[in-house]
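Chemist: Below: sequence and its predicted model.
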Amino acid sequence: MARNAIGIVYRKEFTEWVRDRRTLISTVLVPLFFFPIIMVGFTALAVVMVGKAKEETPRIMILDGEDSPQVVAGLREVKSLEIAPYSANWKEQISDKEIRAAVEIPPGFQAALEKGEPKTVKIYYYEGEMKSSFGVDRIEKFLKDYRDQVVKERLAAKNVPPSVLTPFEIHQENVAPPEKVSGATVGGFIGYMVVLLCMTGAMYPAIELTAGEKERGTMETILSSPISRMNLVLGKFLLVLSAALATAALSVMSMGISFSALRHFNVTSGRGEAAGLLLQLGPKAVAAIFLMALPMAVLFSAVLMTIALFAKSHKEAQSYLTPMTFLVVIPAVASLLPGVELTPKLAFIPILNTSLVCKEIMTGTYHWNAIALIFVSTCAYAAGALFLAFKTFQRESVLFRS
Amino acid sequence: MIEVRGLSKRFRDRKRGEIRAVDGVSFRCEPGQIYGLLGANGAGKTTTLRILATILEPSVGTAVICGHDVVEEPEKVRAKVGFLSTATALYPRLTAQELVEYFGRLNGLDENTLKKRIDEIFARLDMDGFRDRRCDKLSTGMKQKTSIARTLVHDPPVMIFDEPTLGLDIMTARTITTFIRECRDRGKTVIFSTHIMSEVEKLCDVIGIIHDGKLLTEGTLAQLRAKYGEQDLEEIFVKIVTPLQARVEA
């Protein structure tokens, strides 16, 4: 019997793993290109699209207002608005995006203003449509300015200074450093992605090394060799873990590159829209995220292997593991919800705790007690899962399920 | 040497309840001898051989292989055994040589010994032409040769063959039967299961007929012919199994 049986199994599994094209996709290509595409590609695209939409002059329609020529003329003078001729089917035109919004001047509006009677000006728009909201913003700005002008004139007529309306000013000022601001904005997303990609990286090899081996008929071959089942499980487990960690490492690295590119894009384009994404992923943050991902990767590897071993084929294993993805995604998504913050109780919930601590790390906050608690608790879950994997590999009913 | 003592294996099945796949089987197989386990599909041959290869654990009874108990020392038993069946497939992304090396290393061979053994086996089985070819690119015959090389790499004194020719063409099956004979000639203890009568007649020194998990009879071909008054092994098999089958069906 071999002394370093675990190493022998690991080396063999590694050789097979790197020769598998599907591995290349799930472990290398997805984490390497997913972030640049998602983060840089989509953000840059969104910034460009929003910029373009803002540059466009919204076409709007004025409804009624025949007896209020002053406000109508004012609206027509706004350079950032294009006034479309009145049409009875204005609602359809808004829905069909032919015009962006319509403003309804109530009958007797101007006369009511002169008498000091309140009136309501209605703006009709397409909810959720970005260009429509830009049109609304410009109409609203004009109307607010017009209203302010009316108020000023009324106050002046009564010899009251305009400052009577604003006895004091309110000013908000951010004191958090920019990396903390951006960490709070997108930090949760990083934790979520690390969790998800860690699992994605482990899933394929976990299936391949268990159900795949059963399906190909090599399980009986390896079980007839003198290696102990524990060493066999450990050798396989280490390979699955390597895949999970490789995916996590590549994804963290890719994230760093993506954010650098994004920062570069913001600086060179001079756009401020994505300022919240100016994230700094320093070596300390990368190391901390990787450290937190380690026990989670152990947990995923062991659990995925245990579940996949019950399956007789690759397909069956995939159908067992798909619900697992939801189980993982739900706590990871929960960490993104506003107001969900790391508490001692949440530190014991696997996946959610790691996602939350990654979020904290991204803001540059290191609560060492919480980090230690999460690390230890996830290690305990991982040890339990690994023990379960050993036990499952001992069960004939699982290994030779027919 | 293989000594099987009162071996039984029970499985639980949700629909059928408890199944006795092997029921109190005992036999011996000496070095330089081929013991043929003959039985229909589902008779208990594979389960018996899997227990001997320590892939499965017996429910009752045990077996001793080269002085090691299959229950107490399964890893030591596996180091003494070469196990080949149609279910023992090859790793598709390893080359023929890498696969044999892998099993050699798992059996504790050092690199020098391993290299010598592989060169010797590959030359004997005429495998040098495809030693660097991946297993998923090999023909059925090449795969069988690679499987044989895998079982031989650690030069085990005991060889277990579970229906090794099942589904193979004549030429590939012939490679296997020749190899089994060679194993006996080299003084190895060989146990071989099949439901093909002609293979048993050609190869086996001792024949055990297994049915419904029970070993019904055993002996040399000559002894069985004399005992049952039939020359043809198939007739002997039918004569032994039919009354039992009728009882089960009744």
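Modeler: Arrived safely, thanks for sending.

Chemist: Now name the helix or strand holding B:Thr242.
Modeler: helix B:233-249 (DSSP states H and E).

Chemist: counting contacts, what elements does the least confident helix or strand in chain A by mean pLDDT pack onto?
Modeler: Using mean pLDDT, DSSP states H and E, helix A:30-35 stands out as the lowest-scoring helix or strand of chain A, at a mean of 76. With contacts defined as 3 or more C-beta pairs under 8 Å, 6 or more residues apart in numbering or on different chains; DSSP states H and E, helix A:30-35 has these neighbours: helix A:178-208, helix A:229-269. (Each C-beta comes from the backbone N, C-alpha and C, glycine too.)

Chemist: and the angle for the next helix or strand after that helix with helix A:178-208?
Modeler: Sequence-wise, the next helix or strand downstream of helix A:30-35 (DSSP H and E) is helix A:43-55. Going by axes from the mean of the first three to the mean of the last three C-alpha atoms, to 10 degrees, helix A:43-55 is angled at 130 degrees with respect to helix A:178-208.

Chemist: and chain B, which residues reach chain A?
Modeler: When proximity is defined as C-beta under 8 Å from any C-beta of the partner chain, chain B approaches chain A at B:11-12, B:50, B:53-57, B:75-76, B:78-79, B:81, B:83, B:85, B:87-94, B:98, B:102-103, B:105-108, B:150.

Chemist: ok, back up a step: identify, out of the helices and strands packed on helix A:30-35, the most deeply packed stretch.
Modeler: Ranked by mean neighbour count under mean count of other C-beta atoms under 10 Å in any protein chain shown, the helices and strands packed on helix A:30-35 are led by helix A:178-208, which reaches a mean of 24.

Chemist: dump the residue contacts of A:Met230.
Modeler: Going by C-beta atoms under 8 Å, 6 or more residues apart in numbering or on different chains, A:Met230 touches A:Phe390, A:Phe393.

Chemist: for the one 4 residues further on, same thing?
Modeler: Applying C-beta under 8 Å, 6+ apart, we find A:Leu234 in contact with A:Ile6, A:Val9.

Chemist: Tell me which residue lies nearest the centroid of chain B.
Modeler: B:Phe161 (1.9 Å; C-alpha atoms, centre = their mean).

Chemist: For it, which non-adjacent residue is spatially closest?
Modeler: Distances taken as C-beta to C-beta, 6 or more residues apart in numbering or on different chains place B:Phe192 nearest to B:Phe161, at 4.5 Å, with adjacent residues excluded.

Chemist: Helix, strand, or coil at the one you found?
Modeler: strand (DSSP: H, G, I helix; E, B strand; the rest coil).

Chemist: how close does it get to B:Thr151?
Modeler: 13 Å (C-beta to C-beta, to the nearest Å).

Chemist: So which of these two has more stuff around it?
Modeler: A direct count of neighbours by other C-beta atoms under 10 Å in any protein chain shown for B:Phe192 and B:Thr151 places B:Phe192 higher, at 30 against 25.

Chemist: How many neighbouring residues does the nearest residue to A:Pro85 once chain neighbours are set aside have?
Modeler: With sequence-adjacent residues excluded and distances taken as C-beta to C-beta, 6+ apart, A:Pro85 is closest to A:Met61, at 7.8 Å. Neighbourhood size, A:Met61 [other C-beta under 10 Å]: 20.

Chemist: how much space between A:Met61 and A:Trp90?
Modeler: 5 Å.

Chemist: Identify the contacts common to these two.
Modeler: Contacts common to A:Met61 and A:Trp90, judged by C-beta under 8 Å, 6+ apart, are A:Ile99, A:Ala102.

Chemist: which SS state does the residue of chain B found nearest chain A fall under?
Modeler: Using C-beta to the nearest C-beta, the closest approach of chain B to chain A is made by B:Ala89 at 3.4 Å. Recorded secondary structure, B:Ala89: coil (three-state DSSP).

Chemist: how close does it sit to A:Ser224?
Modeler: From B:Ala89 to A:Ser224 the distance is 12 Å (C-beta to C-beta).

Chemist: sorry, back to before: you'd agree the residue nearest to the centre of chain B is in a helix?
Modeler: No: according to three-state DSSP, B:Phe161 belongs to no helix; its state is strand.

Chemist: That one pairs with what?
Modeler: B:Leu84, B:Phe192 (DSSP bridges).

Chemist: any idea how far it lies from A:Ser260?
Modeler: B:Phe161 is 62 Å from A:Ser260, by C-beta to C-beta.

Chemist: What count of nearby residues applies to A:Ser377?
Modeler: So A:Ser377, with other C-beta under 10 Å, has 17 neighbours.

Chemist: Please give me every residue in contact with B:Phe103.
Modeler: Neighbour list for B:Phe103: A:Ser225, B:Arg150, B:Val153, B:His154 [criterion: C-beta under 8 Å, 6+ apart].

Chemist: Mark which of those are part of helices, please.
Modeler: In this view, the contacts of B:Phe103 that belong to helices under DSSP state H are B:Arg150.

Chemist: Can you give me the pLDDT of A:Pro178?
Modeler: Note for A:Pro178: predicted pLDDT of 69.

Chemist: Now do the contacts for the residue in the stretch 51-200 of chain A positioned nearest to chain B.
Modeler: In the stretch 51-200 of chain A, the residue that lies nearest chain B is A:Thr200 (21.2 Å; C-beta to the nearest C-beta). Neighbouring residues of A:Thr200 by C-beta under 8 Å, 6+ apart: A:Ser26, A:Val30, A:Thr247.

Chemist: My read is that the residue nearest to the centre of chain B contacts B:Ala87, right?
Modeler: No: using C-beta atoms under 8 Å, B:Phe161 is not in contact with B:Ala87; the gap is 11.8 Å.

Chemist: what mean pLDDT does stretch A:355-374 have?
Modeler: Stretch A:355-374 shows a mean pLDDT of 82.

Chemist: That stretch: how far from the chain's middle?
Modeler: 18 Å (C-alpha atoms, centre = their mean, to the nearest Å).

Chemist: And it, what's buried?
Modeler: A:355-364, A:370-371, A:373-374 (16 or more other C-beta atoms under 10 Å in any protein chain shown).

Chemist: can I get these in JSON lines with distance to chain B and secondary structure?
Modeler: JSON lines is the format used below for the buried residues of stretch A:355-374 (distance: C-beta to the nearest C-beta, whole Å; DSSP: H, G, I helix; E, B strand; the rest coil):
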{"residue": "A:Ser355", "distance to chain B": "35", "secondary structure": "helix"}
{"residue": "A:Leu356", "distance to chain B": "40", "secondary structure": "helix"}
{"residue": "A:Val357", "distance to chain B": "38", "secondary structure": "helix"}
{"residue": "A:Cys358", "distance to chain B": "35", "secondary structure": "helix"}
{"residue": "A:Lys359", "distance to chain B": "40", "secondary structure": "helix"}
{"residue": "A:Glu360", "distance to chain B": "42", "secondary structure": "helix"}
{"residue": "A:Ile361", "distance to chain B": "38", "secondary structure": "helix"}
{"residue": "A:Met362", "distance to chain B": "39", "secondary structure": "helix"}
{"residue": "A:Thr363", "distance to chain B": "44", "secondary structure": "coil"}
{"residue": "A:Gly364", "distance to chain B": "45", "secondary structure": "coil"}
{"residue": "A:Ala370", "distance to chain B": "43", "secondary structure": "helix"}
{"residue": "A:Ile371", "distance to chain B": "40", "secondary structure": "helix"}
{"residue": "A:Leu373", "distance to chain B": "40", "secondary structure": "helix"}
{"residue": "A:Ile374", "distance to chain B": "38", "secondary structure": "helix"}
